[in-house]
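**Q** with the sequence up front, the predicted model follows.
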Amino acid sequence: MILSIKNIHKSYGNLNVLQDFSLELDKSRIHCFFGPSGCGKTTLMHVMAGILKPDSGEIIIPKDIRFSYIFQEERLLPWMTVEENVALVLQDLKDQGSIERQVKASLSLVELNDFAKYFPSELSGGMRQRVSIARAFAYEGEVLAMDEPFKGLHLKLKQNLMDAIYKYWTLHKPYTYFITHDIDDALYIADDIYIFDGPPMRLVEKINIQIPHELRKDHPELLMDYKIKLSNQTTSLTQPSN
């Protein structure tokens, strides 16, 4: 199955962010949106999720599809505990036992079961972001969309969270895509890396990673050719044109 947008236009005043832009994503791979700040990545993600309405164009997604969305900010309610924040997305479930099991399973994936009764103010920034990821897991949307979910986190924690996301993806197989500016994050978890420039946004190159996920943590040298290629593209995009 394919999630597709065709000939999308989106402007803010006189600024054309998306101009006749098309993209197709399948659920058999994890997709990364990579490119300089301001090129339109977040706008693209919001259009795909229905948060923003395009000026014109076509969004082709399965009917009644649900989005699990992880924002750059944690967006937790400070007066609710960790488990209550996660349970917020499960209000349609009538059985309290089912809610509790789903919350516990989601917190387990991000290693926060011991902090279920804590309030956000009692957690570090990295832990609060893990709660946001657990909440997205609990919702079990058919699409998992993430806008810089690892921003500001240290390497070990980022890898643990990416391992959790990969485990969740293998279990549920949602359409999965994320935004990052970090080359190592992109190479650690993505199967396809879309390098964008803009505005208006354009696809510079698509890199297909052929190294199995299971080898990437212990054998980062296998990714070196991809890293050099991605680094060179990043340098060329950030250099001013003559």
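**A** Alright, I've got the coordinates.
**Q** ok, the spatially most central residue of the chain to Asp184 distance?
**A** Of all residues in the chain, the one closest to the mean position by CA atoms, centre = their mean is Met146, 2.1 Å from it. Using CB to CB, to the nearest Å, Met146 is found at 16 Å from Asp184. For the C-beta atoms, the positions are set from N, CA and C on the backbone; glycine is no exception.
**Q** hmm, back to that, OK, contacts around the residue nearest to the centre of the chain?
**A** Listed by CB atoms under 8 Å, 6 or more residues apart in numbering, the contact partners of Met146 are Tyr69, Ile70, Ala136, Ile165, Thr176, Tyr177, Phe178, Ile179.
**Q** without its sequence neighbours, what residue ends up closest to the second one?
**A** Residue nearest to Ile70 in three dimensions, not counting chain neighbours: Met146, with 4.2 Å by CB to CB, 6 or more residues apart in numbering.
**Q** and the residue nearest to the centre of the chain, what pLDDT?
**A** pLDDT recorded at Met146 is 94.
**Q** one more: Ile165?
**A** So Ile165 comes in at 91 (pLDDT).
**Q** centre of the chain versus the helix of greatest length in the chain, how much separation?
**A** Longest helix in the chain, counting residues (DSSP state H): helix 155-172. Centroid displacement of helix 155-172 relative to its chain, using CA atoms, centre = their mean, to the nearest Å, is 11 Å.
**Q** circling back: which of the contacts of Met146 fall within strands?
**A** Tyr69, Ile70, Thr176, Tyr177, Phe178, Ile179 (DSSP state E).
**Q** surely the first one touches Ala49?
**A** The reference is to Tyr69. Yes. The pair Tyr69 and Ala49 qualifies as a contact (CB atoms under 8 Å) at a distance of 6.0 Å.
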